[in-house]
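S.K.: Structure, please.
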Amino acid sequence: MKLLILDRDGVINHDSDAYIKSVEEWIPIPSSITAIADLSKAGWTIAIATNQSGIGRGYYGLAELEAMHQRMRQLVAEQGGEIGLIMYCPHGPDEGCACRKPKPGMLHSIAAHYGVDLKGVWFVGDSSGDLQAATTVECQPVLVKTGKGERTLAKGLPANTLIFDDLAAVAGYLLNQ
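M.R.: Okay, here's the model as predicted:
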């Protein structure tokens with residue numbers, strides 16, 4: 001199985017420090033939708049691991065989160081692709097859960113769902129927490145410069161982190177291997 005794990009906010013859609021709270025605020029990075037569809041059509045399984053503490057903070061509910069994910073799935077499907085498992089952590093940073101990145105709980109859940117070993121699986125994110133979660137489970141950490149990526153790049157990265165301009169560049173690389 002060719003599995004690719006993606007963070008959501010800042011990788012697939014534009015991020016906001018005020019949180020993405022509705023379908024109207026969920027604005028895709030256009031090239032990312034095409035990238036996911038192209039990878040899917042080429043046999044890649046796309047899974048998503050996303051921190052969504054806005055739920056725990058009361059900014060939006062599960063129904064709104066599901067509506068955002070349905071919109072994302074719909075846009076990818078319109079281009080002939082599909083998104084597999086979407087894992088989200090609804091907890092705030094102080095709740096002590098095992099799923100909120102940089103902890104690897106969501107990545108372990110994805111591995112269990114697909115019955116795969118995560119060693120070497122690419123995990124694409126835009127934050128230090130994404131990269132830390134990736135290295136904890138021996139995924140290949142991949143940073144995109146969209147979202148918080150430029151800020152993350154300036155802080156220093158885990159060893160062996162691959163860097164791309166955006167998800168479209170990641171897809172272009174993988175599709176040409």
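S.K.: burial measure for residue 132, as a count.
M.R.: Residue 132 has 16 neighbouring residues, counting by other C-beta atoms under 10 Å. Glycine gets a C-beta too; all of them are placed from N, C-alpha and C.
S.K.: nope, residue 64 is what I was after
M.R.: If we define neighbours as other C-beta under 10 Å, then residue 64 has 18 of them.
S.K.: Now the phi/psi pair for it, please.
M.R.: Reported as degrees, to the nearest 10, the phi and psi values for residue 64 are phi -70, psi -40.
S.K.: these two touch, right, it and residue 24?
M.R.: No - checked against C-beta atoms under 8 Å, the pair residue 64 and residue 24 is beyond contact range at 10.1 Å.
S.K.: Now the helix or strand hosting residue 77: buried residues?
M.R.: Element membership of residue 77 [criterion: DSSP states H and E] is helix 62-78. Of the residues in helix 62-78, those scored as buried under the neighbour-count criterion (16 or more other C-beta atoms under 10 Å) are 64, 65, 67, 68, 69, 72, 73, 75, 76.
S.K.: give the contact list for the second one.
M.R.: In this case it means residue 65. The contact partners of residue 65, taken as C-beta atoms under 8 Å, 6 or more residues apart in numbering, are 52, 55, 88.
S.K.: got it, and residue 172?
M.R.: With contacts defined as C-beta under 8 Å, 6+ apart, the neighbours of residue 172 are residue 35.
S.K.: quick check, it in a helix?
M.R.: Yes - judged by DSSP: H, G, I helix; E, B strand; the rest coil, residue 172 forms part of a helix.
S.K.: circling back: I'd like the next helix or strand past the helix holding residue 77.
M.R.: In the C-terminal direction, the helix or strand that comes right after helix 62-78 (DSSP H and E) is strand 86-89.
S.K.: quick revisit: out of the contacts of residue 65, who's the most crowded?
M.R.: Counting neighbours by other C-beta under 10 Å, residue 52 comes out on top of those with 23 neighbours.
S.K.: residue contacts, the closest residue to it other than its chain neighbours?
M.R.: In this structure, residue 52 finds its nearest non-sequential neighbour in residue 88, 4.5 Å apart by C-beta to C-beta, 6 or more residues apart in numbering. When contacts are counted by C-beta under 8 Å, 6+ apart, residue 88 is found next to 48, 49, 50, 51, 52, 55, 65, 106.
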